[in-house]
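Peer 1: Need the 3D shape of this:
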Amino acid sequence: MTEHTKTDGLPGMESPAFAQVLEKARPRNERMTSEKIECNACPVLCQISDGRSGACDRYANHGGTLVRVDPVLLLRRTLLDDEPRVLPFAGRAAAAVADAEGAPPAQAVWNGDLLLANEVFVTGVGSSTTYPDYKPAPFIVSSQVEGVDMVTVVTEGIFSYCSLKVKIDTDRFLGSEQANVRCKGEVVGHVTTAEYGSQMLSLGGVHHLTGGSKKEGRVTMDMMQSLGNKQAVEFTIDGGSQIVIQAGRAPIVNGVEERRMRVGCGSATIGIFAKQFFGLLDEVVVVDDHITGVLTEHQAGRCLDMRASGIRMRGRKSTPGRYFQVANPGTGWGGTDIADPLSIIESWDPAVAWPGLRLLMTSTTGEHASWYVLNDDLHPVEQDMPAAVALIVARIGENCEPSLSTVLFLGGAGGSLRAGVTENPVLLTRAIKAALVNVTCGGAPAYVWPGGGITVMADVMRMPDNSFGTVPTPAIVAPIEFSMKLDDYRALGGHMDHVRTLAEALRLGAWHNEGAPSALAWAALPAANPWPLGRPPLLG
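Peer 2: Residues are numbered from 1 along each chain as shown. Here you go, the predicted model:
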């Protein structure tokens, strides 16, 4: 245990005024010195000296008592500008701890009174875990919504089976499908199938966390925590690019920040803007790694009765005006490896083409565009682009959405999570599939995958900041909440003896140690998120 136990002192931690007491320390054994306690909040079982934190930085030894360092996060539908963001619980021991820690004056201690209690939601962030599996969840909170008795079961889950699915809006070549993705030299994921206008990565997962070397597991764990907490992480892809990813920010590919997601493939771009180009030029080629479009051959050009240009393209012709594999993937025009767009034109049919033919070549984002006129030898000569044509190219760019990195947390909620809700876990699974239970992650909506088990997926940008923690098993710690009608909770065999009203839960803290001091952190519900206890689907 020694190698896992950090030596960060409590005075140096960024922690709230009151720490949350979760468990009585386990009895000291013969291997432990008198000032140490054993933390049993996860399988690592750190032996923590007084004034120190455990390996996860989430639990600490405070005078022989195991405490939770971080506050419990509560969501409010609306948060007043002058409302404190962190307030301590007012349990029976609050005054003593306040004196010992030099906390704010007694009148600043929250007294448990609630205004608009139906607008308060207890999240799993900072709530503690249910390890070992037989424990009820730390918070099982009852409330009323539109006259209906509800209950929310709140916990932080320890996820070994979890990953991040990353969507990167770019046409740039990041790496071949199935190529290894590395962080700090360790393989932490792979490139998966590309989607329309985006490259996709699968990062983390149980095999990287626990199936490789100790270093691979730790790097994977740290990477997942950082990305989940909306921090920037640098990756390299075997045979591909170097990339910096941060949720909600533009990706940086080979040192260049992406700006635009393509408006469509080359064929789609032709179809969208064909009528606007009509009459201003004689041919348009939209360069794209997927489908390169040629206007006069395309159905859009034929419907406009455009004259054939005699252009002959490289690559494999799919359907009229649509070409595959005109170049290799890369970071150049349209996600290809070309810098000279004319390199994908094989020749011009002298029986069809003519001197003075006006040719526009552009990428799917409009970031690359050139204007050519054929000379007497039918060779394209670059010239200044007419203003009317440049306006349409600019419109292509205008229709490209900003390039972003999107990070989705995907986790399998297994043993301890389900046992923390009910003594018969399969009933929880069935209730979720029957839409009797609303699953959220830090109050953010979660998609529950069909099929067996409870496999949830949530956008980290919709979750509270710093929602993710770690334990050095290694595994990710993430919040999860199950909300349902109180009658449904009783029917699925829930831990009814541990159900508390919202006022009781906020006054007393976690069920492990009633009356112990702790802290609350308040946050406003993000505008994009539905209220977790709202009408659909629970009250529909």
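Peer 1: And for residue 198, the neighbour number?
Peer 2: For residue 198, the count of nearby residues is 18 (other CB atoms under 10 Å). Bear in mind the C-beta positions are built from the backbone N, C-alpha and C, glycine included.
Peer 1: swap in residue 348?
Peer 2: If you count neighbours by other CB under 10 Å, residue 348 ends up with 21.
Peer 1: likewise residue 534?
Peer 2: Counted with other CB under 10 Å, the neighbours of residue 534 add up to 16.
Peer 1: Mind listing the residues bridging to the residue lying closest to it once chain neighbours are set aside?
Peer 2: Spatially, and ignoring its direct neighbours in sequence, residue 534 is nearest to residue 145 (7.8 Å; CB to CB, 6 or more residues apart in numbering). For residue 145, the beta-bridge partners are residue 148 (DSSP bridges).
Peer 1: Beyond the helix or strand bottoming out on mean pLDDT in the chain, next helix or strand please.
Peer 2: Sorting the helices and strands of the chain by mean pLDDT, DSSP states H and E puts helix 94-101 at the bottom, at a mean of 33. Using DSSP states H and E, the helix or strand that follows helix 94-101 in sequence is strand 120-122.
Peer 1: which helix is the longest one in the chain?
Peer 2: helix 214-228 (DSSP state H).
Peer 1: got the CA coordinates for it in PDB?
Peer 2: Taking C-alpha atoms only, helix 214-228 is exported to PDB below (Å, rounded to 0.1, in the frame of the first residue of the first chain):
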ATOM      1  CA  LYS A 214       1.300  -0.600 -14.700                       C
ATOM      2  CA  LYS A 215       2.500   2.500 -16.500                       C
ATOM      3  CA  GLU A 216      -0.100   2.000 -19.300                       C
ATOM      4  CA  GLY A 217      -2.900   1.700 -16.800                       C
ATOM      5  CA  ARG A 218      -1.800   4.900 -14.900                       C
ATOM      6  CA  VAL A 219      -1.300   6.900 -18.100                       C
ATOM      7  CA  THR A 220      -4.700   5.800 -19.300                       C
ATOM      8  CA  MET A 221      -6.400   6.700 -16.000                       C
ATOM      9  CA  ASP A 222      -4.800  10.100 -15.900                       C
ATOM     10  CA  MET A 223      -5.700  10.800 -19.500                       C
ATOM     11  CA  MET A 224      -9.300   9.900 -19.000                       C
ATOM     12  CA  GLN A 225      -9.600  12.000 -15.900                       C
ATOM     13  CA  SER A 226      -8.100  15.000 -17.600                       C
ATOM     14  CA  LEU A 227     -10.200  14.700 -20.700                       C
ATOM     15  CA  GLY A 228     -13.400  14.100 -18.700                       C
END
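Peer 1: Could you list the domains of this structure?
Peer 2: 2-160+414-524, 162-261, 266-398 (automatic domain parsing).
Peer 1: closest to residue 533 out of those domains?
Peer 2: Each of these has some distance to residue 533 by CB to CB; the shortest is domain 2-160+414-524, at 4.9 Å.
Peer 1: where do the helices sit along this structure?
Peer 2: 94-101, 206-210, 214-228, 266-277, 299-303, 387-398, 415-419, 425-433, 486-491, 502-508.
Peer 1: Kindly present the ones you listed as a markdown table, with separate columns for mean neighbour count.
Peer 2: Shown next, in a markdown table, are the helices of the chain (neighbours: other CB atoms under 10 Å):
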| stretch | mean neighbour count |
| --- | --- |
| helix 94-101 | 16 |
| helix 206-210 | 20 |
| helix 214-228 | 21 |
| helix 266-277 | 21 |
| helix 299-303 | 18 |
| helix 387-398 | 15 |
| helix 415-419 | 21 |
| helix 425-433 | 18 |
| helix 486-491 | 17 |
| helix 502-508 | 20 |
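Peer 1: Tell me the predicted confidence for residue 411.
Peer 2: In this prediction, residue 411 carries a pLDDT score of 96.
Peer 1: ok, how many other residues are close to it?
Peer 2: The number of residues near residue 411, taken as other CB under 10 Å, comes to 24.
Peer 1: Distance check, the nearest residue to it once chain neighbours are set aside against residue 284.
Peer 2: Leaving out its chain neighbours, the residue that sits closest to residue 411 by CB to CB, 6+ apart is residue 162, at 3.8 Å. Distance, residue 162 to residue 284, by CB to CB, to the nearest Å: 46 Å.
Peer 1: Tell me which of the two has more neighbours.
Peer 2: Relative neighbour count places residue 284 above the other of residue 162 and residue 284, with 30 against 24, counting by other CB under 10 Å.
Peer 1: quick one, what contacts that one?
Peer 2: Neighbouring residues of residue 284 by CB atoms under 8 Å, 6 or more residues apart in numbering: 270, 274, 277, 293-295, 359-362.
Peer 1: what's the closest non-adjacent residue to residue 352?
Peer 2: Closest to residue 352 by CB to CB, 6+ apart is residue 310, at 3.0 Å.
Peer 1: For that neighbour, give me phi and psi.
Peer 2: Phi and psi for residue 310, reported as degrees, to the nearest 10, are phi 80, psi 10.
Peer 1: Give me the neighbour count for it.
Peer 2: If you count neighbours by other CB under 10 Å, residue 310 ends up with 18.
Peer 1: bridging residues for residue 481?
Peer 2: Going by DSSP bridges, residue 481 forms beta bridges with residue 154, residue 440.
Peer 1: returning to that earlier point: rank the domains of the chain by pLDDT, which is bottom?
Peer 2: Across the domains of the chain, domain 2-160+414-524 gives the lowest mean pLDDT, at a mean of 75.
Peer 1: Could you give the separation of it from the chain centroid?
Peer 2: Centre-to-centre, domain 2-160+414-524 and its host chain are 21 Å apart (CA atoms, centre = their mean, to the nearest Å).
Peer 1: same thing with stretch 321-336?
Peer 2: Mean C-alpha position of stretch 321-336 versus that of the full chain (CA atoms, centre = their mean) differs by 30 Å.
Peer 1: can you tell me the distance between the two ends of that stretch?
Peer 2: End-to-end distance of stretch 321-336: 18 Å, with CA to CA, to the nearest Å as the criterion.
Peer 1: Which positions within that stretch qualify as buried?
Peer 2: Neighbour counts over stretch 321-336 (16 or more other CB atoms under 10 Å) mark 321-323, 326-327, 329-336 as buried.
Peer 1: Out of the residues you listed, the closest to residue 229 would be?
Peer 2: Using CB to CB, residue 331 comes nearest to residue 229 of these, at 29.0 Å.
Peer 1: For the closest one, give me its contacts.
Peer 2: Going by CB under 8 Å, 6+ apart, residue 331 touches 172-173, 241, 253-254, 337.
Peer 1: from these, which ones fall inside strands?
Peer 2: Using DSSP state E, the subset of the contacts of residue 331 located in strands is residue 253.
Peer 1: Pretty sure residue 486 sits against residue 149.
Peer 2: Yes - between residue 486 and residue 149 there is a contact at 4.0 Å, judged by CB atoms under 8 Å.
Peer 1: Drop anything exposed from the contacts of residue 331.
Peer 2: Applying 16+ other CB under 10 Å to the contacts of residue 331 flags 172-173, 241, 253 as buried.
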